[in-house]
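**Q** just the structure for this:
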Amino acid sequence: MDPQVIAAMKRWPNVPEVYGWLSLSATGHWRLHPRGTAWRCQADPMADLTADDILGEAITSPQITNFIKRNYTCDTAGRWFFQNGPQRVFIRLDAAPYLLQTDLDEHGRLHLRTHTGEPAGQVSEWWLDDQGRVFARTAIGPGMIAGRDLSAVIDVLHTPQGPLAEALANLPDTDLPRHILPWPAPDKGSPVALHHVTSPQLPAALGFVTCPQP
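**A** Coordinates of the predicted model:
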């Protein structure tokens, strides 16, 4: 978090929180909701909302998006927010707190990096939902594998019985594997759990709130 943001929090500790003005899309893009309606599409499905209210407006300024990335975190209830100076701006998550993308380390090995540009670190659990999306509990927090990186990640994941890609290709004739070898170092540590869940179960399972509400 930026030093000036921390200083502002100490100077003005009781600034009201803000809800509904910011969302994180399923592709890892910040979007602004000028009417503060981001939370209402889930909390009040019958609300009179336009498509623009629900989708929001893309934030394209690198200065603003980088500021959000540096000051993005969560509270103990699993609600993610952007600390805008002394004020918390809670964020609607359309997929997960982080979008996880592949990158190469200094040795040329594939690893995961968040949409905020940070190394995701070790994965302690994997989750496969009923829409074919893959989620991970990483050292930095829960995230969803970005769509363009999904096949690359599945290709390098191995179960104790063999490649995950082969097991998934043979479904439903074979049972879903229950464990994944540690990645990016399969020879280090014990296998980690692979869970199969429905998409509505994921936020609770991974401990995050998709739509913080006032």
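**Q** and the protein, what are its domains?
**A** Domain ranges of the chain: 3-93, 98-201, per automatic domain parsing.
**Q** what distance separates the start and the end of the last one?
**A** In domain 98-201, first residue to last residue: 17 Å (CA to CA, to the nearest Å).
**Q** make TSV out of the domains of the chain and add mean neighbour count.
**A** Where C-beta positions appear, they are placed from N, C-alpha and C, glycine not excepted. TSV is the format used below for the domains of the chain (neighbours: other CB atoms under 10 Å):
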stretch	mean neighbour count
domain 3-93	16
domain 98-201	16
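**Q** adding distance to Gly207 and mean pLDDT, write those domains out as CSV.
**A** Below are the domains of the chain laid out as CSV (distance: least, CB to CB, whole Å; pLDDT from 0 to 100):
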stretch, distance to Gly207, mean pLDDT
domain 3-93, 5, 87
domain 98-201, 7, 88
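**Q** nearest to Cys211, of those domains?
**A** domain 3-93 (4.2 Å; CB to CB).
**Q** so what's the gap between the helix or strand Asp103 falls within and the chain middle?
**A** Assessed by DSSP states H and E, Asp103 sits inside strand 98-104. Mean-position distance between strand 98-104 and its chain equals 11 Å (CA atoms, centre = their mean, to the nearest Å).
**Q** helices or strands up against that strand?
**A** Using 3 or more CB pairs under 8 Å, 6 or more residues apart in numbering; DSSP states H and E, the elements in contact with strand 98-104 are strand 110-114, strand 134-138, strand 142-145.
**Q** nearest to Arg92, out of these?
**A** Short answer: strand 142-145, nearest of the helices and strands packed on strand 98-104 by CB to CB, at 14.7 Å.
**Q** ok, the closest one: who's next to it in the sheet?
**A** Paired with strand 142-145 in the same sheet, following DSSP bridges, are strand 98-104 (parallel), strand 134-138 (antiparallel).
**Q** nearest to Asp75, of those strands?
**A** When those are compared (using CB to CB), the closest one is strand 98-104, at 16.0 Å.
**Q** quick one: closest of the strands paired with strand 142-145 to Asp155.
**A** strand 98-104 (10.4 Å).
**Q** if we can go back for a sec, in a markdown table, list the strands paired with strand 142-145 along with distance to Arg148.
**A** Shown next, in a markdown table, are the strands paired with strand 142-145 (distance: least, CB to CB, whole Å):
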| stretch | distance to Arg148 |
| --- | --- |
| strand 98-104 | 8 |
| strand 134-138 | 13 |
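**Q** and His29, which of those strands is closest to it?
**A** That would be strand 98-104 among these, by CB to CB, at 8.8 Å.
**Q** could you give the angle of that closest one to strand 110-114?
**A** 150 degrees (axes from the mean of the first three to the mean of the last three CA atoms, to 10 degrees).
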